[in-house]
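**Student:** Return atomic coordinates for the entry below.
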Amino acid sequence: MKQNVAIIGAGIAGLTAALALEKQGYTSTIYDSNNFVGGRVTSEAVSGHALDVGFQVLLTAYPLAKKYLDYQALNLVSFENGSKIVSNGKMHTIGDAGRKFSFLWATLVAPVGSLGDKMKIFKLSKQLKAKSIEAIFETTETTTLAYLQKYGFTTKIIENFFRPFFGGIFLERKLDTSSRMFEFIFKMFSEGDAAIPSAGMQAIPDQLASKLHSSNIHLNTKISSVQGNTIHFENEEPTSFDYIIVTSKAEQLISNLKGNHMNWKGTSTLYFELPEHTDTEKFIYLSANDSWINSVSFPKTTSHSKKQLLSVSIIKPFDFDESTLIEKVSDELARDFDIYDIQFLKAYHIPNSLPVLSDVKYSIGASETQLTESIYLAGDSMLNGSLNAAMLSGELAATAIHEKITGTIVG
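**Tutor:** Below is the predicted model of the structure:
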C-alpha cells in the first residue's frame, strides 16, 4: 500500500511498529540518532564480554515478547526461579518450590520472613496465575508497599525480600510503584523465566530488525523537530510523510508537547571480572542490607574471555565520583558476598532507565496513540515501564495507522 510512513526511534517500540506495519502491507522508514538499534535495550562488547547497558532481563511470559520474538534463536540463558538473599552477614535461598521442588526446604528454613509469609507468597502466586492481565490493570491502584501490607506480609519479608527483589525491577526500594505493576510482574515471574540472550540483550532488537523485509533503518540521523507531517533533520533536508510514529523524545520534537515533562528513574550497573569462570549458580543475588549494592549476578552469556563476568546493580542515588562508588561496591562484594580479587571493567550510569508513571495501563485503544492528523505516539511511557509495553505501544500505533487508512477497526 503506497503510504509513506516514518518511525522516529529504532528502539523496541519503533521496531515492533515497523514489523506490525509490514504485516499489514506497509513499508516504513525508521530514523535513530544512535549508531545501533535497541534504544534503552542494548549491549556493548568490552574485553570479550557482552555488557548490557544497565542490568536487564527478558521475562519470557510477556505476551508481546512471545508474539514477536523467537526465543530459540535468542538462545536464552535463564536465571533460577529464586534468589539468594544476603542479610546480616548470611546468605539464604528463597525460591518457587512449585516449579523446583528442591527449593522447598531452603525456602522454609530461610530466616527472611515467617512461615506464614512464605505460604502467602505461594498463595499470591497461585492467585495471580488465575487472574487475567486485563483484570490486574482494572484493579484499583495503590502502592506496592501498601498492597503487601494489606495482604498481610510482615515487615521482615518486605525488608528482606520484596524491597531488594522488586526494588531492582522498579528501580526504587520504597515500593512506591503501582500495585498493578507489582501484580503484573509477579504474574510474569510466576508463569515464565527471567532470561538473557546468550549474546546479551542487544540480541533482542537485533532480531526484531532482522525480521524487517521492506522497511529501511537510518542510524546516526539526528532530528530537530516534527512539524505537521514533516520531519526536520539537523543535517539533511526536511522530508514529509503521510504518517509519523514518534517513539522517543516526543516532548522535545513536537511543539505542542514541549510543556510536558517526563520524570525518570535512574540506575547504575558496574561490571567486573573474576579471574576465571566459576560454577556459580544462575541466581540473582540480592542484598537486604542498607548498602549500595542492590543485586549481583553472574551473566552466563557467550564470552570470548576466559574470565567470569560479574554484574552489580545500584539503584540508590549517589553524589560522589565513580572511583569512590567502585571502592564502596568492592568493599561490599568482599564483606557481604565473599567476592574478592576482582577487576573493574566498566560502569553504566543511566538516568533515564524507567519512566515514572502515576497511572499505569496494560493497553489503550489504538486510536489513543494518535496525537495529530499525521503524528502517532508509541513507547513504554504510554502504558507501563516494561519491554512488553514498548512492544505493545508500537503495535497499537501501527494498528491505528492501518485503521485510519482503511477505515476499518482491527479486532
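**Student:** At which residues are the helices of the protein located?
**Tutor:** 12-23, 63-68, 71-74, 103-109, 115-130, 133-136, 144-151, 155-157, 163-170, 179-191, 203-210, 250-253, 322-337, 387-406 (DSSP state H).
**Student:** ok now the second one, how far from the chain's centre?
**Tutor:** In terms of C-alpha atoms, centre = their mean, to the nearest Å, the centre of helix 63-68 is set 14 Å apart from its chain centre.
**Student:** ok so, going back, looking at the helices of the chain, which is closest to Gly365?
**Tutor:** helix 387-406 (8.0 Å; C-beta to C-beta). Every C-beta, even on glycine, is put in place using the N, C-alpha and C of the backbone.
**Student:** pLDDT weak spots in this structure?
**Tutor:** Scanning the chain for pLDDT under 70 picks out 1-2, 277-281, 410-411.
**Student:** let's see 90
**Tutor:** Per-residue confidence for the chain (pLDDT under 90) gives these ranges: 1-3, 88-89, 97-102, 248-249, 256, 258-262, 275-282, 299-307, 358-359, 407-411.
**Student:** Longest strand in it, please.
**Tutor:** strand 343-355 (DSSP state E).
**Student:** Please identify the deepest-packed of the helices of the chain.
**Tutor:** Comparing those by mean neighbour count (mean count of other C-beta atoms under 10 Å), helix 12-23 comes out on top with a mean of 27.
**Student:** gap between the closest residue to Gly82 other than its chain neighbours and Lys129?
**Tutor:** The shortest distance from Gly82 to any non-neighbouring residue, by C-beta to C-beta, 6 or more residues apart in numbering, is to Gly95 (2.3 Å). Using C-beta to C-beta, to the nearest Å, we find Gly95 at a distance of 16 Å from Lys129.
**Student:** dump the residue contacts of the closest residue to Ser225 other than its chain neighbours.
**Tutor:** Distances taken as C-beta to C-beta, 6+ apart place His232 nearest to Ser225, at 4.7 Å, with adjacent residues excluded. Residues counted as contacts of His232 (C-beta atoms under 8 Å, 6 or more residues apart in numbering) are Ile223, Ser224, Ser225, Val226, Pro238.
**Student:** Then Ser297?
**Tutor:** Applying C-beta under 8 Å, 6+ apart to Ser297 gives the contacts Phe55, Phe79, Phe283, Ile284, Tyr285, Leu310, Ser311, Ser313.
**Student:** ok, of these, which one's closest to Lys174?
**Tutor:** Ser313 (16.5 Å).
**Student:** what residues are up against the closest one?
**Tutor:** Phe55, Gly168, Thr267, Ser268, Thr269, Ile293, Asn294, Ser295, Val296, Ser297.
**Student:** can we see that at 6 Å?
**Tutor:** Contact partners of Ser313, counting by C-beta atoms under 6 Å, 6 or more residues apart in numbering, are Phe55, Gly168, Thr269, Asn294, Ser295.
**Student:** Same check on Gly385?
**Tutor:** Neighbours of Gly385 in contact, by C-beta under 6 Å, 6+ apart: Leu354, Pro355.
**Student:** Tell me who's in contact with Thr142.
**Tutor:** By C-beta under 6 Å, 6+ apart, the neighbours of Thr142 are Ser179.
**Student:** Can you tell me how far it is from Phe161?
**Tutor:** 19 Å.
**Student:** With Phe79 instead?
**Tutor:** 16 Å.
**Student:** if you count what's nearby, which of those two comes out ahead?
**Tutor:** Between Phe79 and Phe161, counted using other C-beta atoms under 10 Å, the more crowded position is Phe161 (25 against 19).
**Student:** Find the nearest non-adjacent residue to the more buried one, please.
**Tutor:** Spatial nearest neighbour of Phe161, chain neighbours left out: Val112 (5.5 Å); criterion: C-beta to C-beta, 6+ apart.
**Student:** Check whether the one you found really touches Ile158, as I assumed.
**Tutor:** No: the pair Val112 / Ile158 is not scored as a contact, 10.2 Å apart, by C-beta atoms under 6 Å.
**Student:** okay, the two: which has more neighbours?
**Tutor:** Ranked by neighbour count (other C-beta under 10 Å), Val112 and Ile158 place Val112 first, with 21 against 18.
**Student:** measure the more buried one to Phe283 for me?
**Tutor:** According to C-beta to C-beta, Val112 and Phe283 sit 14 Å apart.
**Student:** do Leu219 as well
**Tutor:** Here Leu219 is placed at a distance of 37 Å from Phe283 (C-beta to C-beta).
**Student:** among the contacts of His232, who's most crowded?
**Tutor:** Using other C-beta under 10 Å as the neighbour criterion, Val226 leads those with 25 neighbours.
**Student:** How much space separates that residue from Tyr243?
**Tutor:** From Val226 to Tyr243 the distance is 12 Å (C-beta to C-beta).
**Student:** residues in contact with Val356?
**Tutor:** Neighbours of Val356 in contact, by C-beta under 6 Å, 6+ apart: Asn263.
**Student:** how about a cut-off of 10 Å?
**Tutor:** Val356 sits next to Leu171, Glu172, Asp176, Thr177, Met262, Asn263, Trp264, Lys265, Ser381, Gly385 when contact means C-beta atoms under 10 Å, 6 or more residues apart in numbering.
**Student:** Equivalent analysis for Gln56, please.
**Tutor:** 40-43, 194, 196, 200-201, 204, 267, 269, 313, 353, 387.
**Student:** picking up where we left off before, now, which of the contacts of Ser297 sits nearest Met188?
**Tutor:** Phe79 (13.2 Å).
**Student:** For the closest residue to the closest one other than its chain neighbours, give the beta-bridge partners.
**Tutor:** Counting by C-beta to C-beta, 6+ apart, the nearest residue to Phe79 once its immediate chain neighbours are dropped is Ala194, at 4.7 Å. Beta-bridge partners for Ala194, by DSSP bridges, are Leu59.
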